[in-house]
Structure formats: C-alpha cells, structure tokens
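Colleague: Below: sequence and its predicted model.
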Amino acid sequence: MAYFPFFIDLDQKPGLVVGGGPVAARKIRTLLPYGPRLTVCAPSVLPELEALPGLAVRKEPFSPDLLEGAFFVIAATDDRELNRRIAGLCRARNLPVNVADPGTESTFLFPSVVQRGPMTIGISTGGTSPTAAHVLKEQIEGLLPGNLEEILLWMDGMREELKGSPLPQPKRSACLSRLFAAALQAGGPLSREEIQPLLSLETEELP
C-alpha cells in the first residue's frame with residue numbers, strides 16, 4: 001500500500017536519532033535544514049556528526065528514557081534487534097518511528113527529498129525500491145531551475161500583493177499561474193514592466 005505524504009513542521013521539534021554511523025548521518029543531514037532539535041545517541045559517533053552545530057551528541061547505549069519528550073525517533077543502528085526493540089517501544093507510546101532496516105517496523109518512511117528554499121518534494125516508493133526513489137530524485141532535480149527558490153519567494157510577494165486587488169479568487173489564481181509560468185520561462189522574477197501586461201489580462205475584464 002502507498003504511504004500518504006504528510007508534510008509537517010519540524011522547526012524546534014525534538015527528534016531522537018539512535019545510531020551514529022553513515023545511515024544515521026545521511027538522515028540527520030536531510031533533517032537539519034528543517035530546523036528540528038536533534039539528539040543522536042550511540043556509543044560511537046562519526047566525527048562529522050560531532051562537528052555539526054546544534055546537534056546534541058550522547059555517546060552512550062540506547063535507553064528507553066531517551067524517548068521521553070521526543071517528537072519523532074529514527075532507529076538507525078547496525079543492530080537489527082535493537083532497531084526492532086526501539087520501534088516496539090515507540091509504537092507502544094504512539095511515537096512516530098523510522099527504522100533503517102527494511103520491513104514493517106517503521107510508522108513513517110524517510111523519503112528522497114528535493115528542497116529548494118520553501119519548496120520540498122518528497123519521493124517514496126513505499127519501501128519497495130529506495131534506488132528508484134533516488135533515481136527519480138536526481139531526474140526531478142535536473143528539471144528544476146537553479147534559482148527556483150528566488151522565484152518562489154517572489155511568487156509569495158505577488159500573492160500577497162494580489163490579495164489587496166479587486167480580482168476575485170479564481171482570477172487571482174489564474175493570474176498567479178501565468179506569472180509563475182512567465183517567471184520560469186524568463187529564468188527569474190519579472191520586472192514591474194513585465195508583470196503589468198499579465199495583470200491587465202484579468203483586470204480589463206472586470207466590470
């Protein structure tokens with residue numbers, strides 16, 4: 001069965017990552033741009049993780065007490081039985097958990113992620129083929145313009161500007177679609193001179 005892609009605010013949310021190896025490091029690097037307060041727990045932790053700012057490192061074995069107050073958990077150790085045990089403890093607490101090992105222990109999946117500023121695209125195959133998800137991620141990244149973040153921030157400003165216009169909602173949506181398409185074609189945000197003709201297409205039809 002396919003998984004529904006919930007998008008959730010992780011800013012300042014406490015997350016626990018159990019494991020200090022390459023798999024844990026990869027997941028941590030994916031999470032950090034979204035602002036969670038991460039704690040990594042493992043007897044041995046990669047030096048690159050210890051050097052990350054804002055990451056709390058506890059060089060100790062896993063203890064159930066570490067689950068207290070966590071918003072989500074990632075079990076990424078090289079011990080499958082420990083990962084399963086962590087997953088079971090999380091399930092008993094209704095605590096979202098992702099397990100690095102294949103199987104059904106996870107209550108949420110870790111997608112391949114494409115991020116451009118405020119935009120995130122998550123790609124998941126429901127655990128059937130992480131390789132396919134990674135290949136699709138690379139293809140999608142190749143389709144996106146390098147300055148998409150700049151265009152998206154400009155679009156946010158245009159949306160706020162049009163909220164104060166006399167245009168009804170359907171016309172505002174149509175106008176924003178044209179502005180976005182034109183910005184993609186132009187390779188960046190439009191000038192006021194370029195914007196005006198596109199706005200006029202809607203305003204000239206108003207009574």
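Modeller: The structure has been received and is ready for your questions. Owing to the predicted nature of the structure, the values given are computational and were not obtained by experimental measurement.
Colleague: low-scoring stretches of the chain, by residue?
Modeller: 102-103, 201-207 (pLDDT under 70).
Colleague: Can you show me the strands along it?
Modeller: Under the criterion DSSP state E, the chain contains strands at 14-18, 37-41, 56-58, 72-75, 97-99, 112-116, 119-123.
Colleague: how about the closest residue to K137 other than its chain neighbours, what does it touch?
Modeller: Of all residues beyond its chain neighbours, the one nearest K137 is S112 (4.0 Å), with distances taken as CB to CB, 6 or more residues apart in numbering. Every C-beta, even on glycine, is put in place using the N, C-alpha and C of the backbone. Neighbouring residues of S112 by CB atoms under 8 Å, 6 or more residues apart in numbering: G122, I123, S124, P130, A133, H134, L136, K137.
Colleague: re earlier: now, of the strands of the chain, which is deepest in the fold?
Modeller: The highest average neighbour count among those, using mean count of other CB atoms under 10 Å, belongs to strand 72-75 at a mean of 26.
Colleague: Summarise which helices and strands it is packed against.
Modeller: Applying 3 or more CB pairs under 8 Å, 6 or more residues apart in numbering; DSSP states H and E, one finds that strand 72-75 makes contact with strand 14-18, helix 80-92, strand 97-99.
Colleague: so can I have JSON lines of the strands of the chain showing distance to G88?
Modeller: What follows is the strands of the chain, written out as JSON lines (distance: least, CB to CB, whole Å):
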{"stretch": "strand 14-18", "distance to G88": "13"}
{"stretch": "strand 37-41", "distance to G88": "17"}
{"stretch": "strand 56-58", "distance to G88": "21"}
{"stretch": "strand 72-75", "distance to G88": "10"}
{"stretch": "strand 97-99", "distance to G88": "9"}
{"stretch": "strand 112-116", "distance to G88": "27"}
{"stretch": "strand 119-123", "distance to G88": "26"}
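Colleague: looking at the ones you listed, which is closest to F7?
Modeller: Closest approach to F7 among those is made by strand 119-123 (6.9 Å; CB to CB).
Colleague: middle-most residue in the protein, spatially?
Modeller: Among the residues of the chain, the one closest to the centroid is T120, at 5.2 Å (CA atoms, centre = their mean).
Colleague: isn't it right up against K137?
Modeller: No - between T120 and K137 there is no contact, the gap being 11.7 Å when judged by CB atoms under 8 Å.
Colleague: measure S63 to L143 for me?
Modeller: As for S63, its distance to L143 is 45 Å (criterion: CB to CB, to the nearest Å).
Colleague: got it, and T107?
Modeller: In this view, T107 and L143 are 32 Å apart by CB to CB.
Colleague: ok, those two, which is more surrounded?
Modeller: Neighbour tally, T107 and L143, criterion other CB atoms under 10 Å: the higher count belongs to T107, 16 against 7.
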